[in-house]
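Student: From the sequence below, what's the structure:
(chains A and B)
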There are 2 protein chains.
Amino acid sequence: MMEPEIITSLQNPRVKQLVKLRDRRPRDQAQQFLVEGYRQIRRALDKGYAPAELYHCPEWYPGDQGNEGALIEEAAAAGAQIVQLNKPAFTKVAYRERPDGLLAVLPQWRRGLDDLTLSDTPLLLVVEAIEKPGNLGTILRSADAAGVDGLIVCDPVTDLFNPNVVRASTGVLFSVPVVITESGAVRDWLKQWKIRSVATTPAAEGLHTAADLTGPLAIVMGSEQYGLSDDWLAQADETVRIPMAGQADSLNVAMATIITLFEAVRQRG
Amino acid sequence: MMEPEIITSLQNPRVKQLVKLRDRRPRDQAQQFLVEGYRQIRRALDKGYAPAELYHCPEWYPGDQGNEGALIEEAAAAGAQIVQLNKPAFTKVAYRERPDGLLAVLPQWRRGLDDLTLSDTPLLLVVEAIEKPGNLGTILRSADAAGVDGLIVCDPVTDLFNPNVVRASTGVLFSVPVVITESGAVRDWLKQWKIRSVATTPAAEGLHTAADLTGPLAIVMGSEQYGLSDDWLAQADETVRIPMAGQADSLNVAMATIITLFEAVRQRG
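Tutor: Model (predicted):
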(Lines give C-alpha, C1' and ligand atoms only; values in the text may rest on other atoms or scores of the structure.)
Protein backbone atom coordinates (compact mmCIF):
# COMPACT_ATOMS: atom_id res chain seq x y z
CA MET A 1 0.00 0.00 0.00
CA MET A 2 1.29 3.47 -0.88
CA GLU A 3 1.87 5.96 1.88
CA PRO A 4 -0.40 8.98 1.42
CA GLU A 5 1.35 12.13 0.29
CA ILE A 6 1.51 14.76 3.04
CA ILE A 7 1.71 18.43 2.14
CA THR A 8 4.49 20.10 4.12
CA SER A 9 5.32 23.12 1.98
CA LEU A 10 3.68 26.46 2.72
CA GLN A 11 4.28 27.27 -0.94
CA ASN A 12 2.17 24.34 -2.12
CA PRO A 13 -0.48 25.58 -4.59
CA ARG A 14 -3.28 23.95 -2.57
CA VAL A 15 -2.16 25.73 0.57
CA LYS A 16 -2.14 29.02 -1.30
CA GLN A 17 -5.58 28.40 -2.77
CA LEU A 18 -7.07 27.57 0.66
CA VAL A 19 -5.79 30.88 2.02
CA LYS A 20 -7.22 32.69 -1.02
CA LEU A 21 -10.69 31.22 -0.44
CA ARG A 22 -11.01 33.47 2.62
CA ASP A 23 -11.51 36.39 0.23
CA ARG A 24 -14.65 36.96 -1.73
CA ARG A 25 -13.28 37.43 -5.24
CA PRO A 26 -11.24 34.22 -5.43
CA ARG A 27 -14.06 32.45 -3.57
CA ASP A 28 -16.59 33.52 -6.20
CA GLN A 29 -14.19 32.77 -9.05
CA ALA A 30 -13.68 29.25 -7.76
CA GLN A 31 -17.38 28.90 -6.84
CA GLN A 32 -16.19 27.17 -3.68
CA PHE A 33 -16.02 27.99 0.03
CA LEU A 34 -14.42 26.84 3.26
CA VAL A 35 -16.07 24.82 6.02
CA GLU A 36 -13.82 24.32 9.02
CA GLY A 37 -14.09 21.95 11.94
CA TYR A 38 -15.64 18.60 12.71
CA ARG A 39 -19.11 19.79 13.71
CA GLN A 40 -19.70 21.95 10.68
CA ILE A 41 -18.37 19.39 8.19
CA ARG A 42 -20.48 16.75 9.96
CA ARG A 43 -23.57 18.89 9.43
CA ALA A 44 -22.78 19.47 5.78
CA LEU A 45 -22.45 15.72 5.21
CA ASP A 46 -25.62 14.99 7.19
CA LYS A 47 -27.54 17.38 4.96
CA GLY A 48 -26.15 15.84 1.78
CA TYR A 49 -23.55 18.47 0.92
CA ALA A 50 -20.41 16.67 -0.27
CA PRO A 51 -17.03 18.39 0.08
CA ALA A 52 -14.90 18.60 -3.06
CA GLU A 53 -11.79 18.38 -0.88
CA LEU A 54 -11.14 17.52 2.76
CA TYR A 55 -7.86 18.57 4.38
CA HIS A 56 -6.84 16.98 7.64
CA CYS A 57 -3.98 17.14 10.10
CA PRO A 58 -3.92 14.49 12.86
CA GLU A 59 -1.44 16.60 14.88
CA TRP A 60 -4.25 19.12 15.39
CA TYR A 61 -6.99 16.62 16.36
CA PRO A 62 -8.20 17.51 19.86
CA GLY A 63 -8.08 13.83 20.75
CA ASP A 64 -11.30 13.71 22.72
CA GLN A 65 -13.81 12.97 20.01
CA GLY A 66 -11.91 10.46 17.87
CA ASN A 67 -14.48 10.53 15.08
CA GLU A 68 -12.21 12.14 12.52
CA GLY A 69 -11.51 8.82 10.77
CA ALA A 70 -15.19 8.08 10.22
CA LEU A 71 -15.82 11.60 8.96
CA ILE A 72 -12.95 11.36 6.49
CA GLU A 73 -14.18 7.99 5.21
CA GLU A 74 -17.67 9.35 4.78
CA ALA A 75 -16.40 12.41 2.91
CA ALA A 76 -14.28 10.20 0.66
CA ALA A 77 -17.28 7.98 -0.06
CA ALA A 78 -19.21 11.12 -1.01
CA GLY A 79 -16.52 11.94 -3.55
CA ALA A 80 -14.19 14.26 -1.63
CA GLN A 81 -10.49 14.25 -2.36
CA ILE A 82 -8.68 13.65 0.95
CA VAL A 83 -5.39 15.47 1.56
CA GLN A 84 -3.20 15.36 4.63
CA LEU A 85 -1.18 18.38 5.81
CA ASN A 86 1.57 18.59 8.39
CA LYS A 87 1.11 20.91 11.33
CA PRO A 88 2.75 24.07 9.93
CA ALA A 89 0.85 23.74 6.65
CA PHE A 90 -2.50 23.18 8.40
CA THR A 91 -1.83 26.06 10.77
CA LYS A 92 -1.44 28.28 7.73
CA VAL A 93 -4.68 27.22 6.06
CA ALA A 94 -6.80 27.06 9.24
CA TYR A 95 -9.10 30.01 9.72
CA ARG A 96 -9.80 29.36 13.38
CA GLU A 97 -7.43 30.30 16.13
CA ARG A 98 -7.69 26.82 17.62
CA PRO A 99 -8.12 24.45 14.66
CA ASP A 100 -9.28 20.87 15.13
CA GLY A 101 -7.40 19.52 12.12
CA LEU A 102 -10.29 19.40 9.63
CA LEU A 103 -10.98 21.82 6.77
CA ALA A 104 -13.29 21.15 3.84
CA VAL A 105 -13.78 22.89 0.50
CA LEU A 106 -17.37 22.77 -0.72
CA PRO A 107 -18.91 23.91 -3.97
CA GLN A 108 -21.04 27.04 -3.67
CA TRP A 109 -24.66 26.69 -4.69
CA ARG A 110 -27.27 28.99 -6.12
CA ARG A 111 -30.99 28.62 -5.46
CA GLY A 112 -33.64 30.72 -7.13
CA LEU A 113 -36.94 31.83 -5.63
CA ASP A 114 -38.67 29.10 -7.61
CA ASP A 115 -36.48 26.47 -5.99
CA LEU A 116 -38.11 27.13 -2.60
CA THR A 117 -40.59 24.53 -1.42
CA LEU A 118 -43.41 26.46 0.20
CA SER A 119 -45.72 25.06 2.85
CA ASP A 120 -49.46 25.79 2.74
CA THR A 121 -48.97 28.89 4.89
CA PRO A 122 -45.40 29.89 4.21
CA LEU A 123 -43.27 31.89 6.61
CA LEU A 124 -40.35 33.57 4.88
CA LEU A 125 -37.62 35.84 6.13
CA VAL A 126 -36.27 38.49 3.75
CA VAL A 127 -33.14 40.47 4.67
CA GLU A 128 -31.74 43.36 2.65
CA ALA A 129 -28.07 44.28 2.31
CA ILE A 130 -26.80 42.80 5.58
CA GLU A 131 -23.25 44.01 6.17
CA LYS A 132 -21.84 42.02 9.06
CA PRO A 133 -21.07 38.30 8.75
CA GLY A 134 -21.89 37.74 12.44
CA ASN A 135 -25.36 39.20 11.96
CA LEU A 136 -26.05 37.10 8.87
CA GLY A 137 -24.92 34.01 10.81
CA THR A 138 -27.22 34.85 13.72
CA ILE A 139 -30.08 35.52 11.30
CA LEU A 140 -29.54 32.08 9.76
CA ARG A 141 -29.74 30.51 13.23
CA SER A 142 -32.95 32.41 14.02
CA ALA A 143 -34.47 31.35 10.70
CA ASP A 144 -33.66 27.74 11.49
CA ALA A 145 -35.06 27.90 15.02
CA ALA A 146 -38.26 29.55 13.78
CA GLY A 147 -38.66 26.96 11.04
CA VAL A 148 -38.97 29.33 8.08
CA ASP A 149 -39.72 28.01 4.61
CA GLY A 150 -36.82 30.03 3.32
CA LEU A 151 -34.39 32.85 3.99
CA ILE A 152 -34.17 35.31 1.11
CA VAL A 153 -30.99 37.37 1.12
CA CYS A 154 -31.41 40.48 -1.06
CA ASP A 155 -28.52 42.52 -2.43
CA PRO A 156 -26.02 41.04 0.03
CA VAL A 157 -23.08 43.17 1.16
CA THR A 158 -21.48 40.28 3.01
CA ASP A 159 -21.74 37.06 1.02
CA LEU A 160 -23.28 33.89 2.38
CA PHE A 161 -20.06 31.93 1.90
CA ASN A 162 -17.84 34.28 3.93
CA PRO A 163 -15.99 32.06 6.46
CA ASN A 164 -17.34 34.16 9.34
CA VAL A 165 -20.93 33.66 8.17
CA VAL A 166 -20.34 29.93 7.85
CA ARG A 167 -18.84 29.80 11.33
CA ALA A 168 -21.47 32.03 12.96
CA SER A 169 -24.24 29.94 11.41
CA THR A 170 -23.04 26.84 13.33
CA GLY A 171 -23.92 24.61 10.39
CA VAL A 172 -27.42 26.02 9.89
CA LEU A 173 -26.27 27.17 6.45
CA PHE A 174 -26.78 23.54 5.42
CA SER A 175 -30.33 23.21 6.70
CA VAL A 176 -32.12 26.51 6.01
CA PRO A 177 -33.11 26.98 2.34
CA VAL A 178 -31.37 30.24 1.38
CA VAL A 179 -31.98 32.19 -1.81
CA ILE A 180 -29.72 35.07 -2.87
CA THR A 181 -31.33 37.55 -5.23
CA GLU A 182 -32.25 41.20 -5.71
CA SER A 183 -35.09 43.03 -3.99
CA GLY A 184 -37.28 43.85 -7.00
CA ALA A 185 -37.52 40.22 -8.04
CA VAL A 186 -38.53 39.26 -4.49
CA ARG A 187 -41.33 41.84 -4.35
CA ASP A 188 -42.74 40.62 -7.68
CA TRP A 189 -42.52 37.00 -6.57
CA LEU A 190 -44.24 37.70 -3.23
CA LYS A 191 -47.11 39.42 -5.04
CA GLN A 192 -47.39 36.58 -7.51
CA TRP A 193 -47.72 34.07 -4.66
CA LYS A 194 -49.98 36.37 -2.62
CA ILE A 195 -47.56 36.39 0.31
CA ARG A 196 -48.00 39.37 2.62
CA SER A 197 -44.87 41.37 3.36
CA VAL A 198 -44.42 42.93 6.79
CA ALA A 199 -41.42 45.25 7.04
CA THR A 200 -39.77 46.24 10.29
CA THR A 201 -38.71 49.87 10.71
CA PRO A 202 -38.36 52.11 13.78
CA ALA A 203 -40.51 54.70 11.92
CA ALA A 204 -43.63 52.47 11.80
CA GLU A 205 -46.69 53.36 13.87
CA GLY A 206 -47.92 49.89 14.76
CA LEU A 207 -46.11 47.39 16.95
CA HIS A 208 -45.04 44.01 15.56
CA THR A 209 -47.30 42.35 18.12
CA ALA A 210 -50.34 44.23 16.77
CA ALA A 211 -49.86 42.98 13.20
CA ASP A 212 -51.50 39.81 11.94
CA LEU A 213 -48.58 37.48 11.27
CA THR A 214 -50.64 34.31 10.74
CA GLY A 215 -51.16 33.98 6.98
CA PRO A 216 -48.66 33.49 4.16
CA LEU A 217 -46.00 35.91 5.35
CA ALA A 218 -42.64 37.44 4.54
CA ILE A 219 -40.94 39.34 7.34
CA VAL A 220 -38.60 41.94 5.81
CA MET A 221 -35.57 43.35 7.64
CA GLY A 222 -33.19 46.11 6.49
CA SER A 223 -29.45 46.63 6.78
CA GLU A 224 -27.52 47.59 9.91
CA GLN A 225 -26.60 51.06 8.76
CA TYR A 226 -29.41 52.16 6.46
CA GLY A 227 -32.45 50.12 7.46
CA LEU A 228 -34.82 49.14 4.66
CA SER A 229 -34.67 50.84 1.27
CA ASP A 230 -37.49 53.19 0.28
CA ASP A 231 -38.83 50.69 -2.24
CA TRP A 232 -39.36 48.07 0.43
CA LEU A 233 -40.88 50.56 2.85
CA ALA A 234 -43.27 51.88 0.20
CA GLN A 235 -44.28 48.52 -1.19
CA ALA A 236 -44.53 46.38 1.94
CA ASP A 237 -48.10 45.46 2.86
CA GLU A 238 -47.52 46.65 6.42
CA THR A 239 -44.74 48.24 8.45
CA VAL A 240 -44.23 47.49 12.13
CA ARG A 241 -41.82 48.49 14.86
CA ILE A 242 -40.52 46.78 17.97
CA PRO A 243 -41.18 48.67 21.22
CA MET A 244 -37.93 50.06 22.63
CA ALA A 245 -37.51 51.11 26.23
CA GLY A 246 -33.82 52.03 26.22
CA GLN A 247 -31.35 53.78 23.96
CA ALA A 248 -32.13 53.97 20.25
CA ASP A 249 -29.61 51.42 19.05
CA SER A 250 -30.00 48.76 21.73
CA LEU A 251 -31.39 46.27 19.24
CA ASN A 252 -29.34 45.40 16.18
CA VAL A 253 -30.83 43.82 13.07
CA ALA A 254 -30.17 40.26 14.23
CA MET A 255 -31.92 40.88 17.55
CA ALA A 256 -34.88 42.59 15.86
CA THR A 257 -35.15 39.62 13.49
CA ILE A 258 -35.34 37.12 16.34
CA ILE A 259 -38.04 39.11 18.11
CA THR A 260 -40.20 39.47 15.00
CA LEU A 261 -39.77 35.85 13.87
CA PHE A 262 -40.73 34.46 17.25
CA GLU A 263 -43.77 36.70 17.49
CA ALA A 264 -44.84 35.15 14.17
CA VAL A 265 -44.14 31.68 15.58
CA ARG A 266 -46.29 32.50 18.62
CA GLN A 267 -49.21 33.77 16.56
CA ARG A 268 -49.04 30.79 14.22
CA GLY A 269 -48.58 28.46 17.25
CA MET B 1 1.00 78.75 29.38
CA MET B 2 2.74 75.39 29.72
CA GLU B 3 2.62 72.96 26.84
CA PRO B 4 0.82 69.77 27.90
CA GLU B 5 3.08 66.78 28.38
CA ILE B 6 2.65 64.17 25.64
CA ILE B 7 3.44 60.53 26.38
CA THR B 8 5.64 59.12 23.64
CA SER B 9 7.35 56.21 25.38
CA LEU B 10 5.89 52.70 25.11
CA GLN B 11 7.64 52.03 28.42
CA ASN B 12 5.71 54.76 30.21
CA PRO B 13 4.05 53.32 33.35
CA ARG B 14 0.64 54.66 32.29
CA VAL B 15 0.92 52.93 28.93
CA LYS B 16 1.82 49.68 30.66
CA GLN B 17 -1.06 50.01 33.12
CA LEU B 18 -3.58 50.65 30.30
CA VAL B 19 -2.48 47.44 28.58
CA LYS B 20 -2.75 45.57 31.88
CA LEU B 21 -6.35 46.70 32.40
CA ARG B 22 -7.37 44.38 29.56
CA ASP B 23 -6.86 41.46 31.95
CA ARG B 24 -9.19 40.63 34.76
CA ARG B 25 -6.80 40.34 37.67
CA PRO B 26 -5.10 43.74 37.28
CA ARG B 27 -8.50 45.21 36.40
CA ASP B 28 -9.99 43.95 39.65
CA GLN B 29 -6.93 44.96 41.64
CA ALA B 30 -7.17 48.50 40.31
CA GLN B 31 -11.00 48.48 40.55
CA GLN B 32 -10.97 50.26 37.21
CA PHE B 33 -11.85 49.42 33.60
CA LEU B 34 -11.40 50.67 30.06
CA VAL B 35 -13.98 52.47 27.95
CA GLU B 36 -12.81 53.14 24.41
CA GLY B 37 -14.16 55.44 21.75
CA TYR B 38 -16.19 58.61 21.52
CA ARG B 39 -19.67 57.09 21.62
CA GLN B 40 -19.11 54.93 24.65
CA ILE B 41 -17.33 57.64 26.65
CA ARG B 42 -20.12 60.04 25.64
CA ARG B 43 -22.70 57.63 27.05
CA ALA B 44 -20.79 57.18 30.27
CA LEU B 45 -20.66 60.95 30.78
CA ASP B 46 -24.32 61.36 29.85
CA LYS B 47 -25.25 58.82 32.53
CA GLY B 48 -23.12 60.53 35.18
CA TYR B 49 -20.14 58.18 35.17
CA ALA B 50 -16.99 60.28 35.37
CA PRO B 51 -13.72 58.87 34.00
CA ALA B 52 -10.74 58.90 36.33
CA GLU B 53 -8.45 59.39 33.32
CA LEU B 54 -9.01 60.26 29.67
CA TYR B 55 -6.30 59.50 27.12
CA HIS B 56 -6.45 61.12 23.73
CA CYS B 57 -4.46 61.19 20.52
CA PRO B 58 -5.49 63.79 17.92
CA GLU B 59 -3.56 61.90 15.20
CA TRP B 60 -6.15 59.13 15.53
CA TYR B 61 -9.25 61.35 15.48
CA PRO B 62 -11.38 60.30 12.49
CA GLY B 63 -11.89 63.97 11.66
CA ASP B 64 -15.55 63.74 10.77
CA GLN B 65 -17.16 64.27 14.12
CA GLY B 66 -14.97 66.98 15.60
CA ASN B 67 -16.54 66.72 19.05
CA GLU B 68 -13.47 65.37 20.77
CA GLY B 69 -12.57 68.76 22.28
CA ALA B 70 -15.98 69.17 23.92
CA LEU B 71 -15.87 65.61 25.26
CA ILE B 72 -12.42 66.16 26.75
CA GLU B 73 -13.52 69.40 28.39
CA GLU B 74 -16.58 67.75 29.84
CA ALA B 75 -14.52 64.83 31.20
CA ALA B 76 -12.03 67.27 32.72
CA ALA B 77 -14.87 69.21 34.35
CA ALA B 78 -16.13 65.92 35.79
CA GLY B 79 -12.74 65.39 37.39
CA ALA B 80 -10.88 63.28 34.83
CA GLN B 81 -7.17 63.64 34.40
CA ILE B 82 -6.49 64.38 30.71
CA VAL B 83 -3.39 62.84 29.12
CA GLN B 84 -2.24 63.12 25.51
CA LEU B 85 -0.42 60.28 23.74
CA ASN B 86 1.45 60.29 20.47
CA LYS B 87 0.34 57.89 17.75
CA PRO B 88 2.62 54.91 18.56
CA ALA B 89 1.76 55.12 22.26
CA PHE B 90 -1.99 55.33 21.61
CA THR B 91 -1.80 52.49 19.10
CA LYS B 92 -0.31 50.36 21.85
CA VAL B 93 -2.98 51.14 24.45
CA ALA B 94 -5.96 51.06 22.05
CA TYR B 95 -8.02 47.91 22.24
CA ARG B 96 -9.83 48.44 18.96
CA GLU B 97 -8.33 47.68 15.61
CA ARG B 98 -9.33 51.12 14.34
CA PRO B 99 -9.09 53.47 17.31
CA ASP B 100 -10.66 56.91 17.27
CA GLY B 101 -8.11 58.47 19.58
CA LEU B 102 -10.10 58.36 22.83
CA LEU B 103 -9.68 55.93 25.73
CA ALA B 104 -11.04 56.41 29.24
CA VAL B 105 -10.35 54.69 32.54
CA LEU B 106 -13.41 54.48 34.79
CA PRO B 107 -13.77 53.28 38.35
CA GLN B 108 -15.59 49.94 38.67
CA TRP B 109 -18.74 49.97 40.74
CA ARG B 110 -20.59 47.46 42.86
CA ARG B 111 -24.34 47.46 43.35
CA GLY B 112 -26.16 45.15 45.70
CA LEU B 113 -29.65 43.72 45.26
CA ASP B 114 -30.95 46.29 47.69
CA ASP B 115 -29.60 49.11 45.50
CA LEU B 116 -32.11 48.23 42.77
CA THR B 117 -35.06 50.58 42.42
CA LEU B 118 -38.05 48.36 41.70
CA SER B 119 -41.17 49.51 39.88
CA ASP B 120 -44.63 48.43 41.10
CA THR B 121 -44.51 45.37 38.85
CA PRO B 122 -40.83 44.71 38.43
CA LEU B 123 -39.34 42.88 35.47
CA LEU B 124 -35.90 41.50 36.23
CA LEU B 125 -33.46 39.47 34.18
CA VAL B 126 -31.22 36.99 36.00
CA VAL B 127 -28.34 35.31 34.16
CA GLU B 128 -26.13 32.59 35.62
CA ALA B 129 -22.46 32.02 34.83
CA ILE B 130 -22.39 33.55 31.35
CA GLU B 131 -19.08 32.68 29.69
CA LYS B 132 -18.81 34.76 26.54
CA PRO B 133 -18.32 38.54 26.66
CA GLY B 134 -20.25 38.96 23.40
CA ASN B 135 -23.27 37.18 24.88
CA LEU B 136 -23.19 39.26 28.07
CA GLY B 137 -22.99 42.41 25.92
CA THR B 138 -25.97 41.32 23.82
CA ILE B 139 -27.90 40.41 26.97
CA LEU B 140 -27.23 43.91 28.32
CA ARG B 141 -28.62 45.41 25.11
CA SER B 142 -31.72 43.20 25.29
CA ALA B 143 -32.27 44.16 28.92
CA ASP B 144 -32.06 47.83 27.98
CA ALA B 145 -34.45 47.48 25.03
CA ALA B 146 -36.95 45.57 27.15
CA GLY B 147 -36.75 48.14 29.93
CA VAL B 148 -35.95 45.80 32.80
CA ASP B 149 -35.75 47.10 36.36
CA GLY B 150 -32.41 45.36 36.69
CA LEU B 151 -30.03 42.78 35.30
CA ILE B 152 -28.73 40.40 37.94
CA VAL B 153 -25.52 38.64 36.94
CA CYS B 154 -24.97 35.55 39.09
CA ASP B 155 -21.64 33.80 39.52
CA PRO B 156 -20.13 35.47 36.43
CA VAL B 157 -17.49 33.62 34.45
CA THR B 158 -16.78 36.62 32.24
CA ASP B 159 -16.74 39.82 34.26
CA LEU B 160 -18.91 42.82 33.47
CA PHE B 161 -15.90 45.08 32.99
CA ASN B 162 -14.19 42.91 30.34
CA PRO B 163 -13.39 45.26 27.40
CA ASN B 164 -15.33 42.99 25.04
CA VAL B 165 -18.45 43.18 27.25
CA VAL B 166 -18.13 46.96 27.42
CA ARG B 167 -17.78 47.17 23.64
CA ALA B 168 -20.56 44.67 22.86
CA SER B 169 -22.90 46.52 25.21
CA THR B 170 -22.63 49.70 23.06
CA GLY B 171 -22.80 51.88 26.15
CA VAL B 172 -25.83 50.15 27.66
CA LEU B 173 -23.59 49.17 30.57
CA PHE B 174 -24.10 52.74 31.76
CA SER B 175 -27.90 52.72 31.61
CA VAL B 176 -29.08 49.27 32.76
CA PRO B 177 -28.88 48.77 36.55
CA VAL B 178 -26.63 45.71 36.91
CA VAL B 179 -26.06 43.75 40.11
CA ILE B 180 -23.33 41.12 40.39
CA THR B 181 -23.92 38.54 43.10
CA GLU B 182 -24.30 34.82 43.76
CA SER B 183 -27.34 32.71 42.97
CA GLY B 184 -28.45 31.73 46.48
CA ALA B 185 -28.70 35.35 47.59
CA VAL B 186 -30.82 36.14 44.52
CA ARG B 187 -33.27 33.31 45.20
CA ASP B 188 -33.72 34.45 48.82
CA TRP B 189 -34.19 38.06 47.74
CA LEU B 190 -36.76 37.16 45.06
CA LYS B 191 -38.78 35.20 47.63
CA GLN B 192 -38.57 38.03 50.10
CA TRP B 193 -39.97 40.47 47.53
CA LYS B 194 -42.52 37.94 46.22
CA ILE B 195 -41.09 38.10 42.71
CA ARG B 196 -41.95 35.05 40.60
CA SER B 197 -39.00 33.33 38.91
CA VAL B 198 -39.46 31.77 35.47
CA ALA B 199 -36.47 29.74 34.31
CA THR B 200 -35.79 28.87 30.69
CA THR B 201 -34.59 25.34 29.92
CA PRO B 202 -34.95 23.08 26.86
CA ALA B 203 -36.20 20.36 29.22
CA ALA B 204 -39.34 22.27 30.32
CA GLU B 205 -42.79 21.09 29.25
CA GLY B 206 -44.55 24.41 28.82
CA LEU B 207 -43.72 27.04 26.23
CA HIS B 208 -42.59 30.51 27.28
CA THR B 209 -45.66 31.91 25.54
CA ALA B 210 -47.97 29.79 27.73
CA ALA B 211 -46.56 31.13 31.00
CA ASP B 212 -48.02 34.15 32.75
CA LEU B 213 -45.27 36.76 32.53
CA THR B 214 -47.34 39.72 33.70
CA GLY B 215 -46.76 40.05 37.45
CA PRO B 216 -43.58 40.83 39.40
CA LEU B 217 -41.20 38.63 37.44
CA ALA B 218 -37.61 37.44 37.18
CA ILE B 219 -36.65 35.66 33.96
CA VAL B 220 -33.74 33.31 34.69
CA MET B 221 -31.27 32.16 32.02
CA GLY B 222 -28.40 29.66 32.35
CA SER B 223 -24.89 29.48 30.96
CA GLU B 224 -23.92 28.67 27.38
CA GLN B 225 -22.38 25.32 28.14
CA TYR B 226 -24.25 23.99 31.16
CA GLY B 227 -27.63 25.73 31.14
CA LEU B 228 -29.12 26.51 34.54
CA SER B 229 -27.81 24.88 37.69
CA ASP B 230 -29.97 22.29 39.46
CA ASP B 231 -30.71 24.71 42.29
CA TRP B 232 -32.25 27.22 39.95
CA LEU B 233 -34.22 24.56 38.08
CA ALA B 234 -35.56 23.08 41.30
CA GLN B 235 -36.43 26.34 42.97
CA ALA B 236 -37.79 28.40 40.09
CA ASP B 237 -41.55 28.97 40.29
CA GLU B 238 -41.96 27.78 36.71
CA THR B 239 -39.79 26.44 33.92
CA VAL B 240 -40.46 27.18 30.27
CA ARG B 241 -38.92 26.37 26.92
CA ILE B 242 -38.76 28.15 23.58
CA PRO B 243 -40.19 26.16 20.66
CA MET B 244 -37.40 25.06 18.31
CA ALA B 245 -37.99 23.99 14.75
CA GLY B 246 -34.40 23.40 13.62
CA GLN B 247 -31.22 21.94 15.02
CA ALA B 248 -30.83 21.74 18.79
CA ASP B 249 -28.30 24.52 19.21
CA SER B 250 -29.72 27.09 16.82
CA LEU B 251 -30.52 29.49 19.65
CA ASN B 252 -27.75 30.59 21.95
CA VAL B 253 -28.37 32.06 25.39
CA ALA B 254 -28.42 35.65 24.14
CA MET B 255 -31.03 34.81 21.50
CA ALA B 256 -33.17 32.86 23.97
CA THR B 257 -32.98 35.82 26.35
CA ILE B 258 -34.25 38.26 23.72
CA ILE B 259 -37.16 35.99 22.83
CA THR B 260 -38.25 35.48 26.43
CA LEU B 261 -37.83 39.13 27.43
CA PHE B 262 -39.90 40.39 24.51
CA GLU B 263 -42.65 37.87 25.17
CA ALA B 264 -42.80 39.36 28.67
CA VAL B 265 -42.88 42.87 27.16
CA ARG B 266 -45.76 41.80 24.91
CA GLN B 267 -47.78 40.30 27.74
CA ARG B 268 -47.20 43.32 29.96
CA GLY B 269 -47.93 45.57 26.96
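
Student: Could you list every helix and strand that the strand or helix carrying residue A:29 packs against?
Tutor: Secondary structure from DSSP states H and E places residue A:29 in helix A:24-30. Helices and strands touching helix A:24-30, by 3 or more CB pairs under 8 Å, 6 or more residues apart in numbering or on different chains; DSSP states H and E, are helix A:13-20. (C-beta placed from N, C-alpha, C; glycine too.)

Student: Could you report the pLDDT at residue A:63?
Tutor: Looking at residue A:63, its pLDDT stands at 79.

Student: count of residues packed around it?
Tutor: Residue A:63 has 10 neighbours, counted by other CB atoms under 10 Å in any protein chain shown.

Student: sec struct for it, please.
Tutor: coil (DSSP: H, G, I helix; E, B strand; the rest coil).

Student: ok, whatever residue of the stretch 151-269 of chain A ends up closest to chain B - contacts?
Tutor: Closest residue of the stretch 151-269 of chain A to chain B, CB to the nearest CB: residue A:245 (2.6 Å). With contact taken as CB atoms under 8 Å, 6 or more residues apart in numbering or on different chains, residue A:245 is in contact with B:144, B:145, B:146, B:147, B:265.

Student: Near chain A, list only the ones from those.
Tutor: Applying CB under 8 Å from any CB of the partner chain to the contacts of residue A:245, one finds that B:144, B:145, B:146, B:147, B:265 fall near chain A.

Student: Export those residues as a markdown table, with columns for pLDDT, neighbour count and secondary structure.
Tutor: Shown next, in a markdown table, are the ones next to chain A among the contacts of residue A:245 (pLDDT from 0 to 100; neighbours: other CB atoms under 10 Å in any protein chain shown; DSSP: H, G, I helix; E, B strand; the rest coil):
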| residue | pLDDT | neighbour count | secondary structure |
| --- | --- | --- | --- |
| B:144 | 97 | 25 | helix |
| B:145 | 97 | 27 | helix |
| B:146 | 97 | 27 | helix |
| B:147 | 97 | 17 | coil |
| B:265 | 98 | 22 | helix |
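
Student: which stretches of the stretch 51-200 of chain A have low pLDDT?
Tutor: In the predicted model of the stretch 51-200 of chain A, residues A:64-65 satisfy pLDDT under 70.

Student: again, only this time at 80
Tutor: Scanning the stretch 51-200 of chain A for pLDDT under 80 picks out A:63-66.

Student: Can you name the residues of it sitting close to chain B?
Tutor: A:138, A:141, A:142, A:144, A:145, A:146, A:147, A:170, A:171, A:172, A:175, A:176.

Student: go with 7 Å
Tutor: Within the stretch 51-200 of chain A, the positions adjacent to chain B are A:141, A:142, A:144, A:145, A:146, A:147, A:170, A:171, A:172, A:175 by CB under 7 Å from any CB of the partner chain.

Student: and which of those residues is nearest residue B:194?
Tutor: Checking those against residue B:194 with CB to CB, the nearest one is residue A:145 at 33.4 Å.

Student: Surely that closest one touches residue B:243?
Tutor: No - Residue A:145 is beyond contact range of residue B:243, at 8.4 Å (criterion: CB atoms under 7 Å).

Student: Give me the most central residue, chain A.
Tutor: Central residue of chain A (CA atoms, centre = their mean): residue A:173, 4.2 Å from the mean position.

Student: Secondary structure element for the residue of the stretch 151-269 of chain A closest to chain B, which one?
Tutor: Counting by DSSP H and E, residue A:245 is found in no helix or strand.

Student: and it, backbone torsions?
Tutor: With angles defined as degrees, to the nearest 10, residue A:245 sits at phi -90, psi -30.

Student: quick one, phi/psi of residue A:162?
Tutor: phi -60, psi 130.

Student: you'd agree it is up against residue A:132?
Tutor: No - with contact defined as CB under 7 Å, residue A:162 does not count as touching residue A:132 (9.9 Å).

Student: Would you convert the contacts of residue A:245 into JSON lines that also reports distance to residue B:202?
Tutor: JSON lines is the format used below for the contacts of residue A:245 (distance: CB to CB, whole Å):
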{"residue": "B:144", "distance to residue B:202": "26"}
{"residue": "B:145", "distance to residue B:202": "24"}
{"residue": "B:146", "distance to residue B:202": "22"}
{"residue": "B:147", "distance to residue B:202": "27"}
{"residue": "B:265", "distance to residue B:202": "22"}
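
Student: biggest separation within the residues you listed, which pair?
Tutor: Largest pairwise distance in the contacts of residue A:245, by CB to CB, is 12.1 Å, between B:144 and B:265.

Student: which SS class is residue A:109?
Tutor: Residue A:109 ends up coil, using three-state DSSP.

Student: Run a quick neighbour tally on it.
Tutor: 13.

Student: Could you do residue A:206 as well?
Tutor: Neighbours around residue A:206, by other CB under 10 Å: 12.

Student: Please enumerate the helices of chain A.
Tutor: Applying DSSP state H to chain A gives helices spanning A:13-20, A:24-30, A:38-46, A:68-77, A:87-93, A:133-146, A:163-168, A:183-192, A:230-235, A:253-268.

Student: Contacts (any at all) between chain B and the last one?
Tutor: Yes - remark: helix A:253-268 sits within contact range of chain B at A:255, A:258, A:259, A:262, A:265, A:266, by CB under 7 Å from any CB.

Student: can you pull the contacts of the last one?
Tutor: Which is residue A:266. Counting by CB atoms under 7 Å, 6 or more residues apart in numbering or on different chains, residue A:266 touches residue B:209.
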